[in-house]
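Student: Coordinates only, no sequence provided:
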Ligand code: 13P
Ligand code: SF4
């Protein structure tokens, strides 16, 4: 089936089933184009919490679709490609985290939203790249166990005061592999460009950027900034949304900054999900009941960028 027919059928079935398509900013352009909402992980969790749609077709990675289900236990959340799994979210072992918690009984566990439901279930609060520092500062605890992203943890650690941060050794290779040389090369080609990077990058890369933002933080900044050119230090397909929403501005991606997990979702798989209403996110009730608590606490804190 050609792209035009795929899109037509997706729209038809979406209306028939009262479904909503939520897509992360890193989805391939064609998937972004059929989505009702495109956003970052916090935005999509907020949208999932307030939708009236009966079915949520979640075009993103596993932990994002799981968060939508945890926030909407009565709704059907469909994840078009079950192999779209964030490797960093799999880097925390819930049992090991439980032992670390026992070693530090006074510490609060802050779980980046990029974690499994089982890990969220033992966390005190979640955060995203938008609100890490705001979340940590909202806690009375002096000691914080932060999982799993060490780079985001270090970035947060720098901006909070009077907290001891215990950082889990996780990383996202898509961001960790962005180097200061990548930025310098683009900066040489486009000396007037503003540099925006994601806080999953290393501190060295963050330090040579003008700003570190979540993906929606970059979208908001690109709209309001007077700059006409931007070097974007995150997954390259964010540039598709940035260009679409700011046609008179230029966005320069790092070509090899690709998240393979995000690319697993295709228009064919979205259509198949709407035809079969599968594969659904299914999580144990007790895990969902516990995991919703830190997620809701995070949403009460709100955006930080
Ligand atoms: P955002 O919340 O900024 O979209 O980040 C999610 C993510 O997985 C970044 O790699
Ligand atoms: Fe996970 Fe990195 Fe992909 Fe984000 S970019 S979903 S952290 S692998």
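Tutor: On my side now, so go ahead. In this text the structure is predicted, and so the values were computed from the model without any measurement. Numbers count the residues shown, from 1 in each chain. Ligands and ions are numbered 1, 2, ... in the order given.

Student: So, low pLDDT: which residues of the protein?
Tutor: In the prediction, the chain carries no residues with pLDDT under 70.

Student: What number of residues are in the vicinity of residue 165?
Tutor: Neighbour count for residue 165, taken as other CB atoms under 10 Å: 18. (Each C-beta comes from the backbone N, C-alpha and C, glycine too.)

Student: Excluding chain neighbours, what is closest to it?
Tutor: Spatially, and ignoring its direct neighbours in sequence, residue 165 is nearest to residue 157 (4.4 Å; CB to CB, 6 or more residues apart in numbering).

Student: Now do the SS call for that neighbour.
Tutor: Of the three states, residue 157 takes helix according to DSSP: H, G, I helix; E, B strand; the rest coil.

Student: Surely it is in contact with residue 167?
Tutor: Yes: between residue 157 and residue 167 a contact is recorded at 7.4 Å, counting by CB atoms under 8 Å.

Student: which ones are touching the residue nearest to residue 165?
Tutor: 146, 163, 165, 167 (CB atoms under 8 Å, 6 or more residues apart in numbering).

Student: joint contacts of residue 157 and residue 167?
Tutor: Common contacts of residue 157 and residue 167 (CB under 8 Å, 6+ apart): residue 146.

Student: neighbours around the closest residue to ligand 2 within the stretch 201-305 of the chain, how many?
Tutor: Residue nearest to ligand 2 within the stretch 201-305 of the chain: residue 259 (3.3 Å; CB to the nearest ligand atom). By the criterion of other CB under 10 Å, residue 259 has 22 neighbours.

Student: how near is it to residue 238?
Tutor: Distance check for residue 259 against residue 238: by CB to CB, to the nearest Å, it reads 10 Å.

Student: Touching both of those two, which residues are there?
Tutor: The contact sets of residue 259 and residue 238 overlap at residue 26 (CB under 8 Å, 6+ apart).

Student: Residue 126 pairs with what?
Tutor: Counting by DSSP bridges, residue 126 is bridged to residue 111.

Student: what sits against the residue positioned nearest the centre of the chain?
Tutor: Residue closest to the average C-alpha location in the chain (CA atoms, centre = their mean): residue 41, at 3.6 Å. By CB under 8 Å, 6+ apart, the contact set of residue 41 is 24, 60, 64, 67, 113-114, 128-129, 214.

Student: 10 Å - rerun?
Tutor: Residue 41 is in contact with 24-25, 60-61, 63-64, 67, 86, 112-114, 126-130, 214-216, counting by CB atoms under 10 Å, 6 or more residues apart in numbering.

Student: give me the subset of the residues you listed touching ligand 2.
Tutor: Among the contacts of residue 41, the residues that sit close to ligand 2 (CB under 6 Å from any ligand atom) are 61, 86, 114.

Student: For the first one, what are phi and psi?
Tutor: For residue 61, the backbone dihedrals (degrees, to the nearest 10) come out as phi -90, psi 170.

Student: need the residues of the chain near ligand 1, please.
Tutor: Counting by CB under 6 Å from any ligand atom, the chain comes close to ligand 1 at 25, 40-42, 114, 128-129, 172, 198, 200, 214-215.

Student: Swap in 8 Å and give it another go.
Tutor: 24-26, 39-43, 61, 64, 86, 88, 113-114, 128-130, 172, 174-175, 198, 200, 213-217, 234-235, 259 (CB under 8 Å from any ligand atom).

Student: Those residues in strands, which ones?
Tutor: 24, 39 (DSSP state E).

Student: Show me the strands in the stretch 151-300 of the chain, by range?
Tutor: Using DSSP state E, counting those that start in this stretch, the strands of the stretch 151-300 of the chain run over 164-167, 194-197, 211-212, 229-233, 250-253.

Student: Let's have those strands in CSV, adding distance to ligand 2.
Tutor: Output for the strands of the stretch 151-300 of the chain, formatted as CSV (distance: least, CB to the nearest ligand atom, whole Å):
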stretch, distance to ligand 2
strand 164-167, 16
strand 194-197, 13
strand 211-212, 15
strand 229-233, 12
strand 250-253, 13
